[in-house]
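J.: The amino acid sequence is not available; the structure is as follows:
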């Protein structure tokens with residue numbers, strides 16, 4: 001793909017990452033940028049709001065030291081649809097025709113309204129007579145609006161992909177033989193990806209995030225949402241802090257979340273009965289809320305750990321010191337930056 005950088009316009013922060021190296025030789029962090037942003041500004045569709053957001057993005061890039069104009073961007077999971085399709089083994093030319101004429105079976109919108117791309121994952125782990133194809137789609141209107149906005153900042157978009165694909169690339173552990181469930185818990189939603197053989201096999205987005213948890217805690221504890229947010233990030237699910245009030249305020253919401261994780265694992269097991277889900281990896285706010293990993297493990301009976309999006313990247317001591325408080329937030333940006341011509 002040549003020289004490029006990754007840009008993640010998240011709900012509450014802008015993140016930019018530029019790497020050197022490759023998956024085979026290893027990556028090194030060359031430049032990065034970060035700035036918190038008001039979620040209302042990211043969601044704004046007004047000209048004034050977009051202009052302000054554009055200024056934040058340009059400032060992040062300018063202060064990062066990134067010089068190239070080539071950029072890879074991501075689309076949030078709630079704006080995309082990603083699925084895995086099984087097709088009979090066939091030549092590349094036949095597969096192109098098959099996918100082209102059957103796309104309407106794989107996406108939840110009219111073909112004329114959708115921007116669609118696909119990638120061959122390889123032979124199906126459960127049926128050697130079939131191939132698995134990853135199909136991703138988004139609204140043409142949404143895609144064109146995002147591309148026009150980013151390019152209006154003087155950038156050249158060379159690639160775009162759904163957030164879950166990027167987080168799968170950065171968070172999947174190296175040299176594993178089983179499947180892993182990766183969870184990226186954000187402000188407004190939680191993205192779930194089950195990865196096997198370095199490829200996503202199940203992608204979901206749940207309408208729950210830190211804002212929903214903060215509202216639930218605020219209502220139960222009769223405090224302001226901002227204070228509830230601080231309690232969640234400081235005390236988390238500790239039952240010996242604040243007499244366990246934060247844990248009890250969140251338990252009902254998180255119980256439903258844990259139930260969806262179990263459903264996802266069961267669905268994967270029904271499709272791939274010989275492939276175990278050997279672990280759950282937490283990212284985003286799930287990776288920083290105290291005792292979240294213990295909670296998820298207890299509710300799912302699957303070993304749960306905090307993910308490290310920088311696991312394949314050499315980060316200098318200078319960058320480590322600057323990144324320490326926000327390093328866990330870079331799953332999407334690092335995953336985008338790790339793209340290659342094969343992606």
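T.: Perfect, I can see it now. Just so it is clear, the model here is predicted, and its values are computed rather than measured.
J.: Flag the shaky bits of this structure, pLDDT-wise.
T.: 1, 341-343 (pLDDT under 70).
J.: what's the single longest helix in it?
T.: helix 245-271 (DSSP state H).
J.: Can you classify the residue nearest to residue 209 when sequence neighbours are not counted by secondary structure?
T.: The spatial neighbour of residue 209 that comes closest, neighbours along the chain excluded (CB to CB, 6 or more residues apart in numbering), is residue 188 at 4.5 Å. Where you see a C-beta, it was placed from the backbone N, CA and C, and this is true even at glycine. Using DSSP: H, G, I helix; E, B strand; the rest coil, the structure places residue 188 in coil.
J.: ok, how many other residues are close to residue 188?
T.: By other CB atoms under 10 Å, the residues close to residue 188 number 17.
J.: next one: residue 92
T.: The number of residues packed near residue 92 is 8, by other CB under 10 Å.
J.: Next: residue 226.
T.: Applying other CB under 10 Å, we find 10 residues neighbouring residue 226.
J.: gap between it and residue 14?
T.: Residue 226 sits at a distance of 21 Å from residue 14 (criterion: CB to CB, to the nearest Å).
J.: and if you look at residue 251?
T.: Applying CB to CB to residue 251 and residue 14 gives a distance of 33 Å.
J.: Residue 250 too?
T.: 28 Å.
J.: Just want to know which of those two has more residues nearby.
T.: Legend: neighbour count by other CB under 10 Å for residue 250 and residue 14, higher for residue 250 (25 against 22).
J.: Which residues does residue 192 form beta bridges with?
T.: residue 183, residue 204 (DSSP bridges).
J.: Contact partners for it?
T.: 164, 181-183, 202-206, 260-261, 264 (CB atoms under 8 Å, 6 or more residues apart in numbering).
J.: top of those residues by neighbour count?
T.: residue 164 (28 neighbours).
J.: contacting residues around that residue?
T.: 77, 82, 184, 191-193, 200, 203, 205 are the contacts of residue 164 under CB under 8 Å, 6+ apart.
J.: Same check on residue 231?
T.: With CB under 8 Å, 6+ apart, residue 231 has these contacts: 217, 221, 223, 242, 246.
J.: buried subset of the residues you listed?
T.: Of the members of the contacts of residue 231, the ones counted as buried by neighbours, 16 or more other CB atoms under 10 Å, are 217, 221, 223, 246.
J.: Tell me the spacing between the residue lying closest to residue 179 once chain neighbours are set aside and residue 56.
T.: Nearest non-adjacent residue to residue 179, counting by CB to CB, 6+ apart: residue 196, 4.0 Å away. Taking CB to CB as the measure, residue 196 falls 37 Å from residue 56.
J.: Give me the neighbour count for the nearest residue to residue 13 once chain neighbours are set aside.
T.: Once flanking residues are discounted, residue 13 sits nearest to residue 36: 5.1 Å by CB to CB, 6+ apart. Residues near residue 36, counting by other CB under 10 Å, number 11.
J.: Kindly report the same for residue 24.
T.: Neighbours around residue 24, by other CB under 10 Å: 6.
J.: do the one 5 residues further on as well
T.: Residue 29 is flanked by 21 other residues according to other CB under 10 Å.
J.: Equivalent analysis for residue 198, please.
T.: Residue 198: 12 neighbours (other CB under 10 Å).
J.: in the sheet, who's paired with the closest residue in space to residue 265 that isn't next to it in sequence?
T.: Nearest non-adjacent residue to residue 265, counting by CB to CB, 6+ apart: residue 277, 5.0 Å away. Beta bridges link residue 277 to residue 179 when assigned by DSSP bridges.
J.: Residue 277: what's it in contact with?
T.: Residue 277 neighbours (CB under 8 Å, 6+ apart): 178-181, 194, 265, 268-269, 302.
J.: out of the residues you listed, who's nearest residue 66?
T.: Of all the contacts of residue 277, residue 66 sits closest to residue 180, with 31.0 Å by CB to CB.
J.: Around the closest one, count how many other residues there are.
T.: Residues lying near residue 180 (other CB under 10 Å) number 22.
J.: so how far is residue 143 from it?
T.: The gap separating residue 180 from residue 143 is 29 Å, by CB to CB.
J.: Quick one: the helices in the chain, in order.
T.: Counting by DSSP H, the helices of the chain are 39-43, 47-64, 92-102, 140-151, 163-171, 210-221, 225-235, 245-271, 292-300, 317-323, 331-337.
J.: Could you list the residues in contact with the third one?
T.: Residues from elsewhere that reach helix 92-102 (CB under 8 Å, 6+ apart): 85, 87, 90, 118, 120, 131, 133, 135.
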